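> Got a predicted structure here, sequence first:
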Amino acid sequence: MAFDKNSAAIDTKEKSVVLMTIEVSRSDDSRYVPNPFVVKFAKPDAQSKKDRQNFKLNKDIDTLRENGRTVYLARVALAAGEYKLFDVTGMASAFPFNSMFVVPLNLDLTVKPNSVTYVGRVTAKLRERKGDEFRAGPLIPLIDQAVTGMSGGTWDVSVDNLEQKDIEHFRAEYPVLNGVAIETVALPRFDRAAAQRLWDGEAQEQKKVAEPAKEPGQVAAK
């Protein structure tokens with residue numbers, strides 16, 4: 001994160017700071033609580049590792065409780081330019097199973113130079129998957145992902161501008177922000193159809209890789 005509770009100053013000469021809150025939960029009372037640990041940004045049409053940046057989230061130091069829910073306060077340092085808020089990745093773990101999840105976002109973001117900007121709150125709630133909806137997490141390992149609900153679930157995602165509430169949270173948790181001008185440039189709405197198209201394409205590619213190559217003249221089994 002760009003700064004912590006003990007930081008004395010914020011330097012935006014080389015990189016600006018993007019503030020966002022993240023809330024990930026599930027609609028049942030399962031003990032496999034989803035906890036995000038990485039928020040990912042990428043340049044549009046990123047081709048290499050240097051075009052992608054991952055920022056770690058720590059449940060012990062990057063969160064607060066709001067009406068009984070855990071809210072993550074992300075403080076991301078990015079050079080000015082165009083980005084995609086790609087996804088939020090995390091785990092749902094309780095003995096004896098550990099599972100992984102991915103909240104697909106793919107939201108456009110423009111970072112202004114020398115700025116501190118609030119972009120909104122991403123809220124994702126796990127529910128049972130219907131039909132061919134994108135999965136909340138991968139299929140493998142089969143037992144872990146199934147028992148925890150990640151392979152059989154999907155995410156209901158919303159992106160909201162809660163600037164009054166969230167900026168107050170940031171200032172209360174991080175004194176270094178007191179007296180700092182914070183702009184608001186809200187992220188676009190989550191496009192579920194676009195997320196589904198992306199997932200459909202990836203699922204088809206994975207299926208092709210998993211299918212054994214056919215010998216010449218071999219007829220596919222129905």
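Structure received.

> partners of the one residue sitting closest to the centre of the chain in the sheet?
By Cα atoms, centre = their mean, the chain has its centre lying nearest to residue 88, at 1.6 Å. In this entry, residue 88 is beta-bridged to residue 39, residue 103, by DSSP bridges.

> Residue ranges in this protein under the pLDDT threshold?
Residue ranges of the chain with pLDDT under 70: 203-222.

> Go again with 80.
202-222 (pLDDT under 80).

> can you pull out the strands in it?
Counting by DSSP state E, the chain has strands at residues 16-26, 34-42, 52-56, 63-66, 69-78, 81-94, 97-111, 116-128, 153-160, 183-184.

> Can you say which of those strands is nearest to residue 138?
strand 97-111 (6.4 Å; Cβ to Cβ). (Glycine included, C-beta is placed from N, CA and C.)

> buried sites along that closest one?
97, 99, 100, 101, 102, 103, 104, 105, 107, 109, 111 (16 or more other Cβ atoms under 10 Å).

> ok, back up a step: make JSON lines out of the strands of the chain and add distance to residue 191.
Formatted as JSON lines, those follow (distance: least, Cβ to Cβ, whole Å):
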{"stretch": "strand 16-26", "distance to residue 191": "17"}
{"stretch": "strand 34-42", "distance to residue 191": "17"}
{"stretch": "strand 52-56", "distance to residue 191": "21"}
{"stretch": "strand 63-66", "distance to residue 191": "26"}
{"stretch": "strand 69-78", "distance to residue 191": "21"}
{"stretch": "strand 81-94", "distance to residue 191": "12"}
{"stretch": "strand 97-111", "distance to residue 191": "8"}
{"stretch": "strand 116-128", "distance to residue 191": "13"}
{"stretch": "strand 153-160", "distance to residue 191": "9"}
{"stretch": "strand 183-184", "distance to residue 191": "21"}
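
> looking at these, which is closest to residue 174?
Of the strands of the chain, nearest to residue 174 by Cβ to Cβ is strand 69-78, at 7.3 Å.

> Which neighbouring elements make contact with that closest one?
strand 16-26, strand 34-42, strand 52-56, strand 63-66, helix 163-173 (3 or more Cβ pairs under 8 Å, 6 or more residues apart in numbering; DSSP states H and E).

> hang on, residue 76 packs against residue 18?
Yes - Residue 76 is within contact range of residue 18, at 4.5 Å (criterion: Cβ atoms under 8 Å).

> More neighbours: those two, which one.
Neighbour count, other Cβ atoms under 10 Å: between residue 76 and residue 18, residue 18 has more, with 26 against 21.

> For that one, list the residues it contacts.
By Cβ atoms under 8 Å, 6 or more residues apart in numbering, the contact set of residue 18 is 74, 75, 76, 77, 78, 109, 111, 117, 119.
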